[in-house]
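A.B. asks: Give me a 3D structure for the following:
(2 chains)
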Amino acid sequence: MIQIMKIFNKIIRVFLDKQPIGRNYLLIFYSFIFLFFLSQNFSFAKDLEIDLSEDFVSLTTDFKGSKIVLFGSAQEGNDLAIVVRGPKQSIKVRKKEKVKGIWLNKEIYEFSEIPSYYSVISNRDLKDFLTQDFIERYQLSESSMKIYGKPIVNISNSQENYFRMDSDASLRKELFNFKKDLKMYSFHLNKINFVGNNLFRTDISFDPGVLTGKYEINVLEFKDGKIADSKLLDLEVSKSGIEAYIFDFAHGKPLAYGFIAVLIAFFAGIFADFVFRRI
Amino acid sequence: MTIFLPIAEISVDIFLLLGVSASVGILSGLFGIGGGFLMTPILIFIGIPPAVAVATEANQIVGSSVSGALAHARRSNVDFKMGAILLAGGLVGSTLGVWLFKIIRDSGQIDLVIISLYVVFLSAIGILMFAESLISVWRRSSRKDRLRKLHQHTFLHGLPFKVRFRKSGLYVSAFLPLGIGLIVGILSAIMGVGGGFIMVPAMIYLLGMPTSVVVGTSLFQITFVIANVTILHAYQNQTVDGLLAMILLVGGVIGAQLGSRAMHLIRSDHLRGLLALIVLGVCFKLVVDLTSIPRNLYTFIL
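C.D. replies: Residues are numbered from 1 along each chain as shown, chains lettered A, B, ... in the order given. I've put the predicted structure just below:
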């Protein structure tokens, strides 16, 4: 069954490359395929099988976010949890503090090697079918995510006294608020749709601002509170188009970039002078 | 239609950018100002990080000052000798400025420094312009004319290394234009402005240059100083957003042409008063942002 889906997937992908069709149409199309197979009363495989609607996400200049469909089959009655992890990043925290009426910035903390993107998706509340111990071991909830950080101490800074050090817990909370606002961390407890008894689908959203790199999708199948099966998939997020080109150029060859930026503006100015002198 | 700006790393509506740059362009065409000192704060209000706003605005000014300088050069309103000495000072100053910028940026206070400099200069310019427009309105109604001394000698004329400037009809120390160029260059690099609003008064009141060549000469030297600023910002800080600069250039050029064509339609002293109010308004918003409780106490830097 899943092999047939994959073939369909490939066909659609080829089809899409030739004709720009909105992602929504693709979702509708998939739904029809599901319904088609359901009506045919196929006998489905019992093992956990998964695949993605696309293997890569491409960040373009007009990138407004992207949804990737994850679909597959699992054994009837089992529960599912999907963990999506983005590439690691380090984040420094600056705090504003009022010094003589003006808000000053200071770096006070650094989170190192934390996931830039983290999403947990399940078919129902994890607590209903897993023990707290299990949730923590697999980092399936906000509070169980392992986030490392330490305060930045800089004694030479004379403004030291003004800046209160915040507790790790409160900064962790701020980080989560920040990440959740950007939709980089998300926890969806009821987002996997079962179509019929075995087939399931869900979508994974990527909002503007996602880092490029390898994203790891881990699908866990649970039976009676224990792992019955699991599957791992990779997804590549990369930049493309003029936006990526400018960014790479600006950071890769900054001097040449500067010269070209100036030259373009220079000739734009001369061109404007030339054009408007004639009007 | 929103586009994602590659260096600023935010999504902005392209028509908002075009509209804003065209509006500032109209003002700059009307008054013969560069517009950088309005555009940079407005970019900051839109949400562009201040460091990116400064460097990108510098890139835009390259384009707008080149077309201005060309127009003045055609009417032979440029004192190239004076321009060259101002430029020498300006290149040193702007290089120094970008270096300072990097140090301040690394210390995490660049936003504060940029905004504070804007508050100081915008409030000074706004108040001066407003007072001037009030006086000129009043003077016209009372039909009084004041005779101004053509040339005044101060200690500045006693400095050594005197050079003759034929075009400006001046015989002054080279240190004077060098110093002016240097200071304006530093401000140019840190604030993302051409610096005409300081350069022009300095040329008139400190150097005593005839007003006919002042604007052309300042535009001539700004073109190269701001090009230096753009290249160095791109090189040291990677904060020049080429895409944003292009969009601003398109809006700015069109606006400036409209503005300069509409110049004769409107009474200048009234509009000068209006510009002063706009400048003070921008300044007020910056002060409010600086002193009011920030929306987020914490910022996260990737």
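
A.B. asks: Please count neighbours and contacts with C-alpha atoms only from this point.
C.D. replies: Will do.

A.B. asks: does chain B sit close to stretch A:80-90?
C.D. replies: Yes: counting by CA under 8 Å from any CA of the partner chain, chain B is contacted by stretch A:80-90 at A:89-90.

A.B. asks: Put the alpha carbons of that stretch into PDB.
C.D. replies: Extracted in PDB, the C-alpha atoms of stretch A:80-90 (Å, rounded to 0.1, in the frame of the first residue of the first chain):
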ATOM      1  CA  LEU A  80       1.400   7.700  17.400                       C
ATOM      2  CA  ALA A  81       3.800  10.500  18.400                       C
ATOM      3  CA  ILE A  82       5.900  12.400  15.800                       C
ATOM      4  CA  VAL A  83       9.000  14.400  16.800                       C
ATOM      5  CA  VAL A  84      10.500  16.800  14.300                       C
ATOM      6  CA  ARG A  85      13.900  18.200  15.200                       C
ATOM      7  CA  GLY A  86      15.600  21.000  13.300                       C
ATOM      8  CA  PRO A  87      19.300  21.700  13.100                       C
ATOM      9  CA  LYS A  88      21.000  22.900  16.300                       C
ATOM     10  CA  GLN A  89      21.700  26.500  17.100                       C
ATOM     11  CA  SER A  90      23.100  28.700  19.900                       C
END
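
A.B. asks: Identify each buried residue in it, please.
C.D. replies: A:80-88, A:90 (16 or more other CA atoms under 10 Å in any protein chain shown).

A.B. asks: swap in stretch B:97-112?
C.D. replies: B:97-102, B:104-105, B:108, B:110-112.

A.B. asks: which of the residues you listed are close to chain A?
C.D. replies: Within these, those near chain A by CA under 8 Å from any CA are B:108, B:112.

A.B. asks: List just the nearest of the buried residues of stretch B:97-112 to chain A.
C.D. replies: Closest to chain A out of those is B:Gly108 (6.3 Å), distances taken as CA to the nearest CA.

A.B. asks: Contacts only, for A:Tyr109.
C.D. replies: A:92-94, A:149-152 (CA atoms under 8 Å, 6 or more residues apart in numbering or on different chains).

A.B. asks: Quick one: mean pLDDT over the helix or strand containing it.
C.D. replies: In this structure, A:Tyr109 sits in strand A:102-115 according to DSSP states H and E. Strand A:102-115 shows a mean pLDDT of 84.

A.B. asks: check contacts around A:Ala261.
C.D. replies: Contacts of A:Ala261 (CA under 8 Å, 6+ apart): B:59, B:230-231, B:242.

A.B. asks: who does whichever helix in chain B runs longest touch, helix- and strand-wise?
C.D. replies: If you go by DSSP state H, chain B has its longest helix at helix B:110-142. When contacts are defined as 3 or more CA pairs under 8 Å, 6 or more residues apart in numbering or on different chains; DSSP states H and E, helix B:110-142 packs onto helix B:36-46, helix B:50-74, helix B:80-106, helix B:175-191, helix B:268-291.

A.B. asks: Relative to the whole chain's centre, how far out is it?
C.D. replies: On the basis of CA atoms, centre = their mean, to the nearest Å, helix B:110-142 sits 14 Å off its chain's mean C-alpha point.

A.B. asks: Next, the closest residue to A:Gly65 other than its chain neighbours: phi, psi?
C.D. replies: Excluding its sequence neighbours, the residue lying closest to A:Gly65 (CA to CA, 6 or more residues apart in numbering or on different chains) is A:Asp207, at 4.1 Å. As for A:Asp207, its main-chain torsions (degrees, to the nearest 10) stand at phi -90, psi 160.

A.B. asks: pLDDT of stretch B:135-149, averaged?
C.D. replies: Mean predicted confidence for stretch B:135-149 is 63.

A.B. asks: In three-state terms, how would the residue of the stretch 151-300 of chain B found nearest chain A be classified?
C.D. replies: Residue nearest to chain A within the stretch 151-300 of chain B (CA to the nearest CA): B:Ile231, separated by 4.2 Å. Following DSSP: H, G, I helix; E, B strand; the rest coil, B:Ile231 is assigned to helix.
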